[in-house]
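Trainee: For reference, the sequence and a predicted model appear below.
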2 protein chains.
Amino acid sequence: MQAMAPKGLVTTDHLKQFKAIIGEQFVLADEETLTHYSHDETERLSYLPEVVLKPRTTEEIAAIMRLCNEYYIPVTPRGAGTGLSGGALPHLGGVLLSSERMNSILEIDERNLQVITEPGVITEVLQNAVKEKGLFYPPDPSSRGSCFIGGNIAENSGGPKAVKYGVVKDYVLNLEVVLPNGEIIWTGANVLKNSTGYNLTQLLVGSEGTLGIVTKIVLKLVPLPKYDLLMLVPFASLEKASEAVSAIFRAGFVPSGLELVEIDALKIVSQSVDSSAVPVNDDIAAHLIIEVDGNNMDVLMGEMEAIAELLTQFEAGEVFFADDAQQKTELWKLRRLVAEAVKTSGYTIEEDTVVPRAELPALIKGVKQLGKQYGFHAVCYGHAGDGNLHIRINHPTIKNSHGNAEMTAALQALFELVKSLGGTISGEHGIGLIQKPYLHTVFREANLHLMREIKKAFDPNNILNAGKIFDLN
Amino acid sequence: MQAMAPKGLVTTDHLKQFKAIIGEQFVLADEETLTHYSHDETERLSYLPEVVLKPRTTEEIAAIMRLCNEYYIPVTPRGAGTGLSGGALPHLGGVLLSSERMNSILEIDERNLQVITEPGVITEVLQNAVKEKGLFYPPDPSSRGSCFIGGNIAENSGGPKAVKYGVVKDYVLNLEVVLPNGEIIWTGANVLKNSTGYNLTQLLVGSEGTLGIVTKIVLKLVPLPKYDLLMLVPFASLEKASEAVSAIFRAGFVPSGLELVEIDALKIVSQSVDSSAVPVNDDIAAHLIIEVDGNNMDVLMGEMEAIAELLTQFEAGEVFFADDAQQKTELWKLRRLVAEAVKTSGYTIEEDTVVPRAELPALIKGVKQLGKQYGFHAVCYGHAGDGNLHIRINHPTIKNSHGNAEMTAALQALFELVKSLGGTISGEHGIGLIQKPYLHTVFREANLHLMREIKKAFDPNNILNAGKIFDLN
């Protein structure tokens, strides 16, 4: 059967039925609400949904999906709206389905080191809840204080700890999912190893809300490490800083965080918040933020010293060790503020490139060249230990990449560079709406065909977040 | 389009074309060869292929697949034939496609801690090659001395190190795959984080050769830990031993190996090899084999002592520390020999259950009860730290589970128990041919429908390892 494009509009009769399913107060179509849900954190894009629904239970979502599937009504699922690729933008109108009321942590299973949660729980809330039991859920996006765990699963988020602990996909054991036709499945089992049929769990992780709506999540946890140490290391050259990154791993160290921040990004942050903790002067081109964690303080001290010693080979400046919890918190806070600060300062276009980590110097060099060629200024920062470089672009006139031919050409050149370095176009933000024009850069038509066929298998009527990742047909 | 069952037979004209593609000497249809490739390590099953092909290159495989796809010839891909679920059995005749000539390690990328390999490399050969560079590839099936890395990917293998380091899926970054229609794709990129489209890489891992033929593999490596320590701990009760397993993790330890071996299994091993390293007496019901690894010997000694202390709460007997490399090797060798020894002794039916690790005692108790009820004797051993219990079954008259109604009823009861404990039917061996009657125990029809549709998306003519995991139509 040929997949059909969504063609339905939400009628007053549909609204009546939605109200019968979830209650009148959770069916919202006033202008203020529609406007609020028309955008996420992606550039400066906005699309109005026709109605916002806030269900509380899996069964309510199943009933909503049955109705939407019958009438070909487009459905856009949404977590906290912190996404950076437009995955939660309701670009086709229709229903905006918010998970914000599904915000309970259902069970912290201390016997098995697992947590079962609903998708609308804020990531940091989940982390703190398991921390109280001596357990650790490492994936940790910059937006952890506001993003939802469900959104993290949709985008396969990472964050600074990924370098040692892996990304979201490495923690998801099992998912309860409402399929577009309203059927409810569990994708796997609550186990650490699984060779039982195709891995639907891993297929759902990172599928950006296009295959099903995640309603319950079983996550693996690990014992909470007792100690961590943090240091900040300035470099006179961006290239040397990025060369140092892969040298650390080649020497046998696996830091629990290895971030790079270009000095321009820090300068911007320092305009809005007190950043006296981090030296900003003309001799410095970039900093590395390096964290190690574990259960033995002497071992960690030894590792930090050995890493610092190694970095002298890359012309590192004076190392700043964070002495206490307050200094560490301050340093991480500064790092987390970078994204927001540079965006507010005009760097509205955000890219999420990832390359094999030893190719970072080549990528950074290439970004700067492209900036000259295409007339933009870029600042680079991100999860250098993973080869995952966030590139924020400030163009004098172009503020959205989406739908702009000039910026599309510039980004096309960037992604061809990334591809040539063995990398890909998104490490943790997803493709969503704004990166889909570039997907052909890294995939052959055969790959895209398979993805479209998988989409059809899950969503033959093409109602669920259609037109994200790839075009409708 | 409706998927069609394979209907082709290999004709002399096909043979001629195969010879033109890969050379006459690699197209084999003599009785001895066909018999050799008619079985793997699964129970006592055997199915003759019509021809065995031994291609050397991706392009040769692509040409073979184009031909087979055109003429609806069934193709069964095969690694080393060490599988335990019948994934490599050519139960429909047709072409048996062996990867044994694709046995080169293409590149060990020390800059990025990655290895690129062909599928026909023996797992242990790969491990040793990267070890020489100070790198570590942890997934480590018992058959590592003979199995191929390609087969490990097909089954998402684990092994004893999975408890700390994860399974095959956690190491696969990117795959070159020949699709059933002969097209060649790369599933992802050579990067540590990836949110670029659906995760075809993870979909291929564990798909048991039903979606495509893996021809190149990019694996993540980690720095090789400098030291490891090993101990053997006897328990008077199987229940106490399995209770101790989850207690170790709850206390914050993450061993690099945590195996359980029931005394009956060791008794069988001791009949064929010298097992004086391991005490076997009437006071012992089971042993735990516990390994820790890391870069600091003092820390490891401390961990071992703390774990040993903890185990006294579970009525552990006298702990045996392996003193030197030879003792460690001997102990691991004994563990690895268990599978083969019990099979040779009549325990021909093998199950690969997995549950949340704290449910191990309940699973073991249930297995023993089912044995009484259904008239079989079972020995249990395996990766207790992961909740992955191998159960070998000796029935006085039934030697194959496949196609036997009585054994099917017994296994159905076993898998219902596993399901009720939150587990699933295979942790690392796959479903293949022999477990597919039980898949409905852990999945709803909607799950199976999605899997069949995914299969159709990759293989519309249903020629590639058809009838494995689920039935043809």
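Mentor: Looks like it arrived, so ask away. Numbering: from 1, shown residues only, chains lettered A, B, ... in the order given.
Trainee: Domains in chain A, by residue range?
Mentor: Using automatic domain parsing, the domains assigned to chain A come out as A:105-223, A:226-342, A:346-435.
Trainee: got CSV for the ones you listed, with mean pLDDT too?
Mentor: Output for those, formatted as CSV (pLDDT from 0 to 100):
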stretch, mean pLDDT
domain A:105-223, 97
domain A:226-342, 92
domain A:346-435, 96
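Trainee: Quick one: closest of those domains to B:Pro223.
Mentor: Judged by Cβ to Cβ, the one of the domains of chain A that comes nearest to B:Pro223 is domain A:226-342, at 4.1 Å. (Glycine included, C-beta is placed from N, CA and C.)
Trainee: end-to-end on that closest one?
Mentor: 34 Å (Cα to Cα, to the nearest Å).
Trainee: picking that back up, for the domains of chain A, could you give me CSV that also reports distance to B:Leu9 and mean neighbour count?
Mentor: Shown next, in CSV, are the domains of chain A (distance: least, Cβ to Cβ, whole Å; neighbours: other Cβ atoms under 10 Å in any protein chain shown):
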stretch, distance to B:Leu9, mean neighbour count
domain A:105-223, 29, 23
domain A:226-342, 53, 19
domain A:346-435, 43, 22
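Trainee: Now tabulate the ones you listed in TSV and tack on distance to chain B.
Mentor: Below are those laid out as TSV (distance: least, Cβ to the nearest Cβ, whole Å):
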stretch	distance to chain B
domain A:105-223	4
domain A:226-342	4
domain A:346-435	4
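Trainee: so can I have TSV of those domains showing distance to A:Glu60?
Mentor: Below are the domains of chain A laid out as TSV (distance: least, Cβ to Cβ, whole Å):
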stretch	distance to A:Glu60
domain A:105-223	10
domain A:226-342	34
domain A:346-435	26
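Trainee: Select, out of those, the one closest to A:Pro74.
Mentor: In terms of Cβ to Cβ, the element of the domains of chain A nearest to A:Pro74 is domain A:105-223, at 10.9 Å.
Trainee: on that earlier part again, right, and the domains of chain A - which one's nearest B:Ser38?
Mentor: Judged by Cβ to Cβ, the one of the domains of chain A that comes nearest to B:Ser38 is domain A:105-223, at 23.5 Å.
Trainee: so how far does the closest one reach from one end to the other?
Mentor: End-to-end for domain A:105-223, by Cα to Cα: 19 Å.
Trainee: Stretch A:136-155 now?
Mentor: Stretch A:136-155 has an end-to-end distance of 20 Å (criterion: Cα to Cα).
Trainee: Over to A:Met407. Which of the three states is it?
Mentor: At A:Met407 the chain is in helix, as set by DSSP: H, G, I helix; E, B strand; the rest coil.
Trainee: Against A:Thr397, how distant is it?
Mentor: Separation of A:Met407 from A:Thr397 (Cβ to Cβ, to the nearest Å): 10 Å.
Trainee: The helix or strand where A:Arg452 lies: how far from the chain's middle?
Mentor: Per DSSP states H and E: A:Arg452 is located in helix A:445-458. Distance of helix A:445-458 from its chain centroid, counting by Cα atoms, centre = their mean, to the nearest Å, is 23 Å.
Trainee: and the lengthiest helix in chain A, what does it pack onto?
Mentor: Using DSSP state H, we find that the single longest helix of chain A is helix A:325-344. If you count contacts as 3 or more Cβ pairs under 8 Å, 6 or more residues apart in numbering or on different chains; DSSP states H and E, helix A:325-344 packs onto strand A:227-235, strand A:257-262, helix A:263-272, strand A:286-294, strand A:377-383, strand A:388-394.
Trainee: Now do the contacts for A:Ile184.
Mentor: A:58-59, A:62, A:176-178, A:215 (Cβ atoms under 8 Å, 6 or more residues apart in numbering or on different chains).
Trainee: Tell me the bridge partners for it.
Mentor: Listed by DSSP bridges, the beta-bridge partners for A:Ile184 are A:Val178.
Trainee: Tell me how far it lies from A:Ser142.
Mentor: Counting by Cβ to Cβ - A:Ile184 and A:Ser142 are separated by 33 Å.
Trainee: so what's the backbone phi/psi at A:Arg444?
Mentor: Backbone torsions of A:Arg444, given as degrees, to the nearest 10, read phi -80, psi 160.
Trainee: just to revisit the earlier point, can you say which of the helices and strands packed on helix A:325-344 is nearest to B:Glu259?
Mentor: Checking those against B:Glu259 by Cβ to Cβ gives strand A:286-294 as the closest, at 24.6 Å.
Trainee: how about the very next helix or strand once past the closest one as PDB, C-alpha atoms only?
Mentor: Under the assignment DSSP H and E, the closest C-terminal helix or strand after strand A:286-294 is helix A:297-311. The C-alpha coordinates for helix A:297-311 follow below in PDB (Å, rounded to 0.1, in the frame of the first residue of the first chain):
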ATOM      1  CA  MET A 297      40.600   9.400  45.200                       C
ATOM      2  CA  ASP A 298      44.300   8.500  45.000                       C
ATOM      3  CA  VAL A 299      43.800   6.900  41.600                       C
ATOM      4  CA  LEU A 300      41.900   9.900  40.300                       C
ATOM      5  CA  MET A 301      44.500  12.300  41.500                       C
ATOM      6  CA  GLY A 302      47.100  10.200  39.800                       C
ATOM      7  CA  GLU A 303      45.100  10.200  36.500                       C
ATOM      8  CA  MET A 304      44.600  14.000  36.600                       C
ATOM      9  CA  GLU A 305      48.300  14.600  37.100                       C
ATOM     10  CA  ALA A 306      49.200  12.200  34.400                       C
ATOM     11  CA  ILE A 307      46.800  13.800  32.000                       C
ATOM     12  CA  ALA A 308      48.000  17.300  32.900                       C
ATOM     13  CA  GLU A 309      51.600  16.200  32.300                       C
ATOM     14  CA  LEU A 310      50.600  14.700  28.900                       C
ATOM     15  CA  LEU A 311      48.900  18.000  27.900                       C
END
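Trainee: So what touches stretch A:447-456?
Mentor: Here stretch A:447-456 makes contact (Cβ under 8 Å, 6+ apart) with A:3, A:203, A:210-211, A:439-440, A:443, A:462, A:469-470, B:179, B:185-187, B:197-198, B:200, B:453-454, B:456-458.
Trainee: Kindly recompute the last result at 6 Å.
Mentor: Outside stretch A:447-456, the residues that touch it by Cβ atoms under 6 Å, 6 or more residues apart in numbering or on different chains are A:3, A:470, B:185, B:197-198, B:457.
Trainee: Stretch A:92-100 too?
Mentor: So stretch A:92-100 is contacted by A:6, A:37, A:49-54, A:73-79, A:90, A:119-120, A:150 (Cβ under 6 Å, 6+ apart).
Trainee: roughly how far is the longest helix of chain A from the heart of the chain?
Mentor: 17 Å.
Trainee: now it and strand A:377-383, what's the angle there?
Mentor: Per axes from the mean of the first three to the mean of the last three Cα atoms, to 10 degrees, the angle that helix A:325-344 makes with strand A:377-383 is 140 degrees.
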